[in-house]
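1. Give the three-dimensional model of this entry:
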Amino acid sequence: MGRNAYWGQVVTSSLPQFVVGPIADQLRNAFVKRFAAGQGANVLGRAIPFGIGAAIGGVGNLVLGRTVIQSARTAFGPPPFTFPMELAVTIKAPKAVTVDGGTSEKKGLKKILPSRKPKEITEAPGPRHDVETQLPDIRI
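-> Numbers count the residues shown, from 1 in each chain. Here you go, the predicted structure:
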């Protein structure tokens, strides 16, 4: 060991590992405790504004949502008990089951790439063109 070696390096290189190990463990534990105490308060101090902001945002969303619902009820009145057939929801048929018991689902690239077969076009439910519909009388 020369003059350019640090004293800590000189001392630890001359001591056996079983002596240095417990000392290093105690130093590490002391450092971790001090660091955690100092940084824990810092992290908590930075996180509190986010929690307060989330609470304020949640209350604001609740108030805004209730106002929108109340305004919609005032503007449109109560919902009807039944809806016309033009607004009926169409339910898709379940997927076909193959002979081996699995579904006939596309795999790999075939699932991503479009097929070359023309797909059947279905008309969306809505007012029919052959039936004359009366427009509502809207006055502003």
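2. avg pLDDT for the host helix or strand of V20?
-> Element membership for V20 (DSSP states H and E) is helix 17-76. What helix 17-76 shows for mean pLDDT is 86.
3. what do you get for stretch 93-111?
-> Averaged across stretch 93-111, the pLDDT comes to 62.
4. give me the number of residues near G51?
-> For G51, the neighbour count with other C-beta atoms under 10 Å is 9. The way it works is simple: take the backbone N, C-alpha and C, and place the C-beta from them, glycine included.
5. can you tell me which residues contact it?
-> Applying C-beta atoms under 8 Å, 6 or more residues apart in numbering, one finds that G51 lies in contact with no residue.
6. Can you give me the distance of I69 to A24?
-> Using C-beta to C-beta, to the nearest Å, one gets 64 Å for the distance from I69 to A24.
7. Repeat that for N61.
-> Computed as C-beta to C-beta, the N61 to A24 distance reads 52 Å.
8. Dihedrals phi and psi, P94?
-> Here is the backbone geometry of P94 (degrees, to the nearest 10): phi -70, psi 160.
9. quick one: contacts for it?
-> Here P94 is in contact with no residue (C-beta under 8 Å, 6+ apart).
10. Can you tell me how far it is from A88?
-> From P94 across to A88, the span is 19 Å (C-beta to C-beta).
11. can you check W7 too?
-> Relative to A88, W7 is positioned 87 Å away (criterion: C-beta to C-beta).
12. Tell me how many other residues crowd I91.
-> If we define neighbours as other C-beta under 10 Å, then I91 has 6 of them.
13. Phi first, then psi, for it.
-> Main-chain torsions, I91, degrees, to the nearest 10: phi -100, psi 130.
14. which ones are touching it?
-> By C-beta under 8 Å, 6+ apart, I91 lies in contact with nothing.
15. and the gap between it and P84?
-> Applying C-beta to C-beta, the value for I91 to P84 is 18 Å.
16. And V59, by the same measure?
-> With C-beta to C-beta as the criterion, V59 and P84 are 39 Å apart.
17. likewise A54?
-> Computed as C-beta to C-beta, the A54 to P84 distance reads 42 Å.
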